[in-house]
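J.: Show me the folded form of this:
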Amino acid sequence: MIGLVDFMRDQSKRLIAIVIIMGLFWFTRLPALSVSEKAAIASRFNFTPFPLPELAGGTPKYLRSVHPSLERHSAWISAVGASIALNDLDGDRLSNDACYVDTRTDRAIVSPVPGTGERYQPFELKPTNLPYDASTMAPMGCLPGDLNEDGLMDLLVYYWGRTPVAFLRQRSETVGDNAIDSG
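T.: Numbering: from 1, shown residues only. Take a look at the predicted model:
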């Protein structure tokens, strides 16, 4: 019995610390939802897939040409860069415009979100009057923002193999080829 008392005296601080840690762990656990609760929450949402508008022209490529040492990774490399950014590009105060990168044709495309009406025709963001080699460069993503602080939403497209290009929206009544210029 003396051994147990000595043990408790020597180890009491450690045992109290373990009890406190276990108690704190119990109170900080994330709540777990039952299957029926998860189903009730998920039932409020309904998603319908829509294809994004595609532009005519451009030959679709499903695998990029890569260095022979990277041939095993060509499918992954071909998919990197597929992205979409939703924002209000036409000024209607709704995030119902999309800027997306189609890796099959290596193009950055701006279009209305499917199902929101055809407010303007989809168009491609091309870096005109800038060095661009399609064999070594490809768009990877599109970042909306008011880059020149004029109150209009601009687009920054970033690429593999070159610096990003800012496409600044010009004041006009419509979104389209003539309303966004590379700058």
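
J.: At which residues are the helices of this protein located?
T.: With helices called from DSSP state H, the chain shows them at 2-28, 35-42, 74-79.

J.: Which one, of these, ends up nearest to Arg162?
T.: Distance to Arg162, taken as C-beta to C-beta, is lowest for helix 74-79 among these, at 16.9 Å. Where you see a C-beta, it was placed from the backbone N, CA and C, and this is true even at glycine.

J.: what does the domain assignment say about the chain?
T.: With domains defined by automatic domain parsing, the chain comprises 2-42, 68-182.

J.: where are the low-confidence patches of this protein?
T.: For the chain, the stretches with pLDDT under 70 are 1, 173-183.

J.: ranges for the strands of the protein?
T.: 83-87, 97-102, 107-112, 123-125, 138-145, 154-160, 165-169, 180-182 (DSSP state E).

J.: would JSON lines of these with distance to Leu70 and mean neighbour count be doable?
T.: What follows is these, written out as JSON lines (distance: least, C-beta to C-beta, whole Å; neighbours: other C-beta atoms under 10 Å):
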{"stretch": "strand 83-87", "distance to Leu70": "21", "mean neighbour count": "17"}
{"stretch": "strand 97-102", "distance to Leu70": "20", "mean neighbour count": "23"}
{"stretch": "strand 107-112", "distance to Leu70": "23", "mean neighbour count": "23"}
{"stretch": "strand 123-125", "distance to Leu70": "28", "mean neighbour count": "19"}
{"stretch": "strand 138-145", "distance to Leu70": "15", "mean neighbour count": "20"}
{"stretch": "strand 154-160", "distance to Leu70": "13", "mean neighbour count": "19"}
{"stretch": "strand 165-169", "distance to Leu70": "26", "mean neighbour count": "19"}
{"stretch": "strand 180-182", "distance to Leu70": "30", "mean neighbour count": "18"}
